[in-house]
Each structure stands twice: as C-alpha cells, then as structure tokens.
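>>> Need a 3D model of the sequence below.
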Amino acid sequence: MHQDLLFEIGTEEIPARFMGPALDQLNKLAKEAFEEARLDYRDVSAYGTPRRLTLYVSNLATKQKEEQREIKGPAKKAAFDEAGNPTKAAQGFARGQGITVEQLVVKKLNNIEYVYALVKDEGRDAKEILPQILQNLIVSLSFPKPMRWGSKEFRFVRPIHWLVALFGEEIIPVTIEGLSSDRFTRGHRFLSDGELYLNDAKVYFETLKKAFVVVNQTERGRLIQSQLRDLEAALDGEIEQDQKLLEEVIQLVEYPTSFMGSFDTHFLELPEEVIITAMKEHQRYFPVRNKNGKLLPKFLAVRNGTEKHLDLVRAGNEKVLAARLADAHFFYAEDLKEPLENKVEGLKDIVFLEKLGTLWEKTLRIQKLSLMLAQQLNMPLEVIAKVQRAAFLSKGDLTTNMVNEFPELQGIMGGYYALKTEDPAVALGIREHYLPRFAGDKIPESQAGILVGIADKVDTLVGCFLAGLIPTGSQDPLGLRRQALGVCNTIIKHQLPISLQDLVKEGIKLYGDKFDQGEVLGKIIDFYRQRIENILQEDQGIPYDVVAAVLEVDWEYPFDVLKRAKVLYGFMGKENFLSLITGFTRAFNLTKNTEAHEIEENLLLELSEKELYKNILTAGRLLNKYLNEGDYKGSLEVIATLREPIDQFFEEVMVMVEDEQLKQNRLALLHKVVELAGQVADLSKLVTRPN
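Reported below is the predicted structural model:
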C-alpha cells in the first residue's frame with residue numbers, strides 16, 4: 001500500500017536568497033533518506049514560500065521493502081570440528097542472528113571458507129521510522145546564516161512556529177525544541193485568519209490556495225510571468241528581462257499580484273543605472289524600456305496579496321521610489337559640483353582593508369602595476385598616459401554621495417563623473433575596471449579598463465594573501481576566486497602575453513616590508529593555477545588529462561596555456577597522434593627513472609642511433625622555430641616525425657648494455673626525445689584515446 005506524505009516546516013519570513021538552496025537540500029536529503037530506509041515512492045518534491053518549507057512525497061510505501069542479507073561469520077574450520085559438528089563459535093553466531101546452526105551456509109571468500117547467516121528482514125511499517133527520518137531532515141538542513149531564538153539552542157534559518165506531518169490521514173509525531181507536529185497549517189499572514197485544518201495530506205495544496213498561498217514556487221513563477229506579460233501588452237514597451245530578479249521575487253511572495261507604477265519623467269535625467277539600481281536592488285521592481293531600448297518612467301512590481309486596494313499599494317510603491325530617486329537626484333547634482341579629480345584626496349581617509357592601508361595607497365599601487373603592464377605590452381605613450389589617469393581616478397567615486405548610497409554603482413558613477421572633465425577613454429577605463437563583477441559578466445574592452453582592472457584585482461588578491469585573508473573550502477567572503485578568474489579571463493579574451501608570475505611578484509613588491517612575504521608567492525601562484533585549470537576544464541571543456549599535461553610544462557601565460565591545450569586536444573583526434581604518443585611513450589618509459597646526460601656523438605655506433613640523433617637535431621631546430629611562432633600544431637607534428645627513427649632505434653639497438661658509457665649515451669638520446677616533447681606538454685599525463 002502507498003499513501004502521500006506531507007511535511008511542512010512553518011517559519012518566520014525566510015530570506016529569498018536562502019530558499020533555492022534550502023529546497024534543493026530538502027529534496028536531495030529526503031530522497032537519500034527514503035532510499036536508505038527502503039521506502040518506495042512515486043515522487044519527492046520540495047516546495048517553499050517565505051513562511052514555509054514543504055516536503056511532499058506522493059505514493060510513499062506504507063512498509064519497508066523486504067531485504068535478505070548475508071552476514072559473514074567465523075571461518076568454517078572454526079565453526080565446525082573435524083567431525084563436522086558445530087563448535088560454540090558456530091552456535092553462538094547462529095543464535096546471535098536468530099537462526100539455527102542448520103541454516104548456516106558455507107561460502108568461499110578469498111579462497112577461505114566462511115559460514116554465513118542468510119537473514120531476512122521483512123521491514124517495518126513506515127509510520128514507525130518516519131518520525132526519525134523527518135526529525136533528521138530538519139536538523140540536517142544547513143543555511144549560510146542560521147539563528148537561535150529565545151533560550152533555545154537549536155539553530156535554523158528562522159524561528160519555527162509550526163510543524164505539519166501527515167502520512168495520509170495519520171499524524172507522524174515529530175518534535176523540535178518542544179514544538180510538536182500536528183495537522184494544522186497557516187495561510188497568508190494578512191489574508192487568512194487562524195489555523196487551517198488538514199484531514200489528509202492530499203488536501204494540502206488546495207486548502208492553502210483557498211487561504212491565499214500558492215505553495216508551488218514553479219506555479220507562482222508562471223503566475224507572475226503571465227501577469228507581467230499582460231501588463232506589458234498594455235505598454236508601448238518591453239520589460240527588462242532579469243531572471244535573477246524574477247527568481248527572487250517568486251520567493252518573496254505567497255500570493256502574487258503584479259501591477260504597474262510610474263515615476264516623474266524628470267528623474268530620467270539621471271544615469272539610467274541609478275534608476276535601475278533603485279528599482280531592482282532596492283525595491284525589486286522590473287524596469288520598462290520602449291521599442292528603441294530607452295528607459296520609460298514606468299515600472300512593474302509584484303505585491304504579496306490580491307488586487308484589493310491595489311491603487312493604494314501602487315501609490316505607496318510610487319512614493320517610495322520617488323523618494324529614492326529624489327535622493328539620487330540630489331546626490332548626483334552635489335557630486336557634479338566638483339570634478340572627480342578633487343575627490344581622490346578623500347581616499348586617504350578610507351581604509352581599504354584592515355592591515356592593508358588606505359584606498360589612496362591602493363590607488364598608487366594600481367598606478368604602478370598598470371604602468372608595468374602597459375610598458376610590457378609596448379603601448380604608445382599617449383595610451384599609457386590615459387591608463388595612468390584612469391588608474392589614478394579609478395577609486396575616486398568611492399568618496400561620492402551617490403556611491404555611498406548606491407555601492408553597486410562604484411566604477412559606473414566614476415565613469416559618468418569623469419566624462420564631465422576627462423578624456424572619454426579615461427572615463428571608459430574607470431567604468432570598466434571592476435568588470436567582470438560576477439560569473440558570466442562582460443570582460444573589459446578598453447585598454448585602460450583592461451590594464452587598470454587587472455592591476456586592481458591582482459593588488460587586492462596579493463594584499464589579502466599577505467594579510468592572511470585566504471579563501472578556505474567554500475568560504476570566500478572577499479570574492480578572491482572571482483577576482484582571480486576575472487584576471488585570467490581578461491588575459492585570455494584579449495590574448496595578452498602577460499606573465500602572472502611577474503605580475504604577482506611586482507604586486508608583492510609594492511606592499512614593501514609591511515608583511516613577512518614568506519611562502520605567499522607560491523600560494524598565490526597556486527591559487528591562479530587552480531583558476532586556470534577551472535577555466536580550461538569547466539569553461540573550455542578540455543579533458544583533465546590534457547589540462548594536466550599542459551599545466552605541468554608552463555602555465556604563467558594564461559592565453560598561451562589555453563592555446564596549447566586546445567591544439568593538443570585537437571591533435572589527439574588526428575592520425576599522427578598515435579605516432580606522437582607511441583614514440584614518446586617508448587622513450588619516456590625507458591628514461592623515467594634515469595638521469596639525463598649530454599649526447600656524445602663519438603659514442604653513436606649504430607646506424608639507427610646516428611639516424612635518430614640526426615632527426616633529433618632537425619626536430620629541435622624546427623621545434624624552436626615553431627615554438628617561437630606559437631605554432632603548437634606544427635610543434636606536435638615535428639615531434640611525431642620521430643616515431644619512425646625511434647622504432648628503428650629500438651629494433652636495432654640494445655639500450656641497456658653493459659658498457660656504461662654506451663648505455664648512458666643511448667639513454668641521453670631518449671631523454672632528448674622526452675625533452676623535446678616536454679616543451680609543449682607532459683605527454684606522460686595523457687590518457688590515450690582511440691583515433
């Protein structure tokens with residue numbers, strides 16, 4: 001038999017950003033628990049609103065599946081005497097398993113005979129084990145910021161106010177911090193009065209819908225999207241699509257009703273990022289644009305309730321937005337009263353990070369790092385001047401009224417303010433230097449944005465490592481992994497010949513003797529290497545062994561690493577890859593535990609070893625040419641040409657001869673083959689694939 005299981009954890013309002021991960025956890029943990037408990041089910045689903053986390057299991061078995069287990073006992077020679085009579089060991093083992101000695105069976109394990117008990121577990125009723133399963137689900141859920149309430153020790157995302165646990169019509173007893181499960185749920189906080197009685201798990205969703213709660217977040221999402229489309233149809237414009245905002249709004253409401261609001265057109269004088277930030281980040285509104293992409297003085301929003309008194313709700317939201325935009329308008333006007341250059345002085349009074357000095361000091365380091373990069377890339381003097389100017393002004397907007405109110409606009413406002421008095425290239429560099437801000441964000445395109453952005457991120461990462469603020473496990477509160485990825489992706493996208501090692505060394509040097517630098521260089525370098533490995537495998541889809549092969553040789557130039565990895569991976573599908581890997585492998589296997597020596601030409605006695613030597617010299621010259629040109633495909637093809645002379649060498653020459661000089665010289669030939677290949681990748685790390 002099967003019945004539906006309902007388990008609802010009623011809480012105070014849960015932050016929207018916690019809901020998705022919490023529901024994923026609940027679903028995963030529940031499936032694992034039921035499978036471990038041998039309880040069949042048709043479907044497991046986790047639902048949630050701001051005031052509840054709900055697990056619904058359809059057609060859950062009322063009894064565990066039967067299970068027959070083999071339990072290993074003593075060895076046969078210990079279980080039975082020479083006459084075949086059971087010993088005390090056999091009798092005790094059988095008694096302990098609840099069977100007779102006659103029911104024991106003998107089986108071999110690793111050529112030794114043991115006695116086994118075949119025990120049949122008929123399974124317990126589900127209602128006997130569900131209380132512990134549900135209890136474990138509550139305590140197993142983890143959250144970024146759990147809290148205690150009252151004098152209780154138990155931590156949860158928010159205080160728990162009620163529990164519902166029904167298996168069909170029957171209550172499953174679950175207790176947490178003195179709160180026991182029952183069959184009473186609660187509807188919408190303002191639109192439903194009192195507790196709601198559930199006589200069966202099956203009536204849960206319909207009962208709550210009548211009480212103005214749409215439990216299924218997917219259904220709430222469809223409702224919101226449908227309502228927004230209807231409102232959009234009445235506009236001469238389009239909603240600015242933002243999936244992240246939509247997902248957040250879905251988790252902010254229990255009964256969604258969408259509406260349209262407006263604001264005064266004079267606010268459109270503000271930079272549109274200011275208006276959009278006020279709408280999205282502060283109010284969770286959806287901006288609207290006309291057919292040409294221009295921002296309209298309209299917004300769409302979602303209330304947690306019905307259409308009743310919607311005019312009052314609209315007016316209230318318009319009033320709040322108008323107040324925010326009025327503040328922004330005032331801040332913008334005040335900030336423009338003096339040029340951005342005048343605001344840089346204020347950075348002397350702002351601490352960058354504890355132990356790492358002020359933002360003024362950081363600005364000076366960014367200037368020096370970006371200058372080093374510009375000079376390495378042989379940029380013209382006029383470009384270098386713009387890069388230096390952008391670096392000097394890059395943090396100036398952090399002292400402004402607007403960024404103080406809207407921190408999300410740092411860099412963006414600096415770009416707007418710079419446009420009033422600076423070269424547009426400088427303004428664009430300031431605007432872009434924070435990019436990419438998140439996964440999938442744009443990479444800076446301007447020369448100033450690229451170099452100042454790299455310098456800024458490297459300085460932050462180096463400073464944090466020097467100060468001991470190093471990411472551990474999944475913890476990375478300062479976003480250092482994102483910053484390191486931003487540096488690598490920027491270098492790769494623009495194919496820049498920048499050495500990460502040189503850059504990091506210079507970054508450490510600029511902090512002077514403030515810190516004991518110790519092993520920090522190695523830690524930072526390894527941190528960057530891991531990011532490059534992630535980019536190659538996860539973003540570029542290059543197999544792990546190819547990545548390991550190229551990283552083993554050299555990795556400090558990210559674009560070069562990507563180029564080598566792509567060429568090697570592509571070459572593995574070519575016909576001559578077999579020649580490449582076969583020749584290399586034969587040479588590598590014989591030399592891997594030996595030391596390399598110089599080749600002595602006078603000790604080359606056999607024709608085939610002379611021929612191999614000649615081919616090695618030719619390959620070496622060609623390889624140097626191709627490597628200098630960055631032609632890795634040509635490099636691999638050159639190494640592949642050694643296959644035939646290597647095979648001939650092994651057929652006609654004995655390498656491990658008694659004459660030590662001859663042996664060392666022949667090994668030196670093979671070492672040279674390995675060395676040549678090793679300039680592109682460590683081919684020994686490849687897992688050979690069929691052509």
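
>>> residue contacts, I138?
Taking Cβ atoms under 8 Å, 6 or more residues apart in numbering as the contact definition, I138 lies against 9, 156, 160, 174, 176. The C-beta positions use only the backbone N, C-alpha and C, and glycine is treated the same way.

>>> Neighbour count and pLDDT for those residues - can I get that in TSV?
What follows is the contacts of I138, written out as TSV (neighbours: other Cβ atoms under 10 Å; pLDDT from 0 to 100):
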residue	neighbour count	pLDDT
I9	29	98
F156	22	95
I160	19	95
V174	23	96
I176	17	92
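
>>> In helices, which of these appear?
Among the contacts of I138, no member falls in helices (DSSP state H).

>>> what about the stretch 551-691 of the chain, any weak spots by pLDDT?
Residue ranges of the stretch 551-691 of the chain with pLDDT under 70: 688-691.

>>> for this structure, what's the longest helix?
The longest helix of the chain (DSSP H) is helix 310-335.

>>> Max pairwise distance over the contacts of I138: which two?
Farthest apart among the contacts of I138 by Cβ to Cβ are F156 and V174. That separation is 13.7 Å.

>>> pLDDT (mean, whole number) over stretch 388-397?
For stretch 388-397, the mean pLDDT works out to 98.

>>> Quick check: buried residues in that stretch?
By neighbour count with 16 or more other Cβ atoms under 10 Å, stretch 388-397 contains the buried residues 388-397.

>>> now what about that stretch, what contacts it?
Applying Cβ under 8 Å, 6+ apart, the contact partners of stretch 388-397 are 340-341, 343-344, 347, 359, 362-363, 366-367, 370-371, 374, 403, 409-411, 413-414, 417-418, 422-423, 425-426, 429-430, 433, 448-449, 451-452, 455-456.

>>> what's next to stretch 421-440, contact-wise?
Stretch 421-440 is contacted from outside by 339-341, 386-387, 389-390, 393-394, 396-397, 410-412, 414-416, 418-419, 441-453, 456, 482, 485-486, 489-490, using Cβ under 8 Å, 6+ apart.

>>> Report the buried residues of that stretch.
Of all the residues in stretch 421-440, those buried under the rule 16+ other Cβ under 10 Å are 422-423, 425-436.

>>> Next up, the contacts around D264.
Neighbours of D264 in contact, by Cβ under 8 Å, 6+ apart: 297, 322, 325.

>>> Please apply the same query to N317.
By Cβ under 8 Å, 6+ apart, the contact list for N317 reads 261, 283, 285, 301.

>>> make it 6 Å
261, 301 (Cβ atoms under 6 Å, 6 or more residues apart in numbering).

>>> go on, A467?
Per Cβ under 6 Å, 6+ apart, neighbours of A467: 355-356.

>>> Please apply the same query to Q537.
Q537 is in contact with V547, counting by Cβ under 6 Å, 6+ apart.

>>> ok, 7 Å please
Neighbour list for Q537: 544, 547 [criterion: Cβ atoms under 7 Å, 6 or more residues apart in numbering].

>>> Find the helix or strand that the residue nearest the centre of the chain is a member of.
Nearest to the mean C-alpha position of the chain, by Cα atoms, centre = their mean, lies A439 at 8.5 Å. Here A439, judged by DSSP states H and E, is contained in no helix and no strand.

>>> From the chain's centroid, how far away is stretch 255-265?
Chain-centre distance of stretch 255-265: 35 Å, with Cα atoms, centre = their mean, to the nearest Å.

>>> Whichever of the contacts of stretch 421-440 end up buried, select them in PyMOL.
Buried subset of the contacts of stretch 421-440, written as a PyMOL selection, criterion 16+ other Cβ under 10 Å:
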select buried, resi 340+386+387+389+390+393+394+396+397+410+411+412+414+415+416+418+419+443+444+446+447+448+449+450+451+452+453+456+482+485+486+489+490
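
>>> The contacts of stretch 421-440 in helices, which ones?
Per DSSP H, the contacts of stretch 421-440 map to helices at 340-341, 386-387, 389-390, 393, 412, 414-416, 418-419, 447-453, 456, 482, 485-486, 489-490.

>>> What residues of stretch 82-98 count as buried?
Neighbour counts over stretch 82-98 (16+ other Cβ under 10 Å) mark 86, 90, 93-94, 97 as buried.

>>> cool, stretch 646-657 as well?
Across stretch 646-657, burial judged by 16+ other Cβ under 10 Å covers 646-650, 653, 655.

>>> Narrow those residues to those in helices?
646-650.

>>> related to what we said a few turns ago, would you turn the buried residues of stretch 82-98 into a markdown table with secondary structure and distance to A549?
Below are the buried residues of stretch 82-98 laid out as a markdown table (DSSP: H, G, I helix; E, B strand; the rest coil; distance: Cβ to Cβ, whole Å):
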| residue | secondary structure | distance to A549 |
| --- | --- | --- |
| P86 | strand | 60 |
| A90 | helix | 57 |
| F93 | helix | 54 |
| A94 | helix | 57 |
| Q97 | helix | 54 |
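
>>> which one of those residues sits closest to P477?
Ranked by distance to P477 (Cβ to Cβ), the buried residues of stretch 82-98 are led by Q97 at 53.4 Å.

>>> quick one: secondary structure of R564?
Three-state call for R564 (DSSP: H, G, I helix; E, B strand; the rest coil): helix.

>>> And for it, the neighbour number?
Per other Cβ atoms under 10 Å, the neighbour tally for R564 reads 24.

>>> Could you report the distance from it to E12?
Using Cβ to Cβ, to the nearest Å, R564 is found at 55 Å from E12.

>>> Kindly report the same for Q447.
From Q447 across to E12, the span is 51 Å (Cβ to Cβ).

>>> Then V215?
V215 sits 17 Å away from E12, taking Cβ to Cβ as the criterion.

>>> which one of these two has more residues nearby?
The neighbour count for V215 versus E12, taken as other Cβ under 10 Å, is higher for V215 (20 against 15).

>>> Now the more buried one, what are its backbone angles?
Main-chain torsions, V215, degrees, to the nearest 10: phi -70, psi -40.

>>> How about V105?
Main-chain torsions, V105, degrees, to the nearest 10: phi -120, psi 160.

>>> what's across from the residue lying closest to it once chain neighbours are set aside in the sheet?
Take V105 and drop its neighbours on the chain: the residue closest to it by Cβ to Cβ, 6 or more residues apart in numbering is Y116, 5.2 Å away. Applying DSSP bridges to Y116 yields these beta-bridge partners: K72, V105.

>>> just checking, next helix/strand downstream of the helix or strand hosting W162?
Under the criterion of DSSP H and E, W162 resides in strand 160-167. Using DSSP H and E, the next helix or strand after strand 160-167 towards the C-terminus is strand 170-171.

>>> Against which helices or strands is that following strand packed?
Packing partners of strand 170-171 (3 or more Cβ pairs under 7 Å, 6 or more residues apart in numbering; DSSP states H and E): none among the helices and strands.

>>> Name every strand pairing with that strand and say which way it goes.
By DSSP bridges, strand 170-171 pairs with strand 160-167 (antiparallel).

>>> Buried residues, the strand it pairs with. List them.
Neighbour-count burial for strand 160-167 flags 160, 162-167 (criterion: 16+ other Cβ under 10 Å).

>>> One more: stretch 63-79?
Residues of stretch 63-79 classed as buried by neighbour count (16+ other Cβ under 10 Å): 63-64, 73-74, 76, 79.
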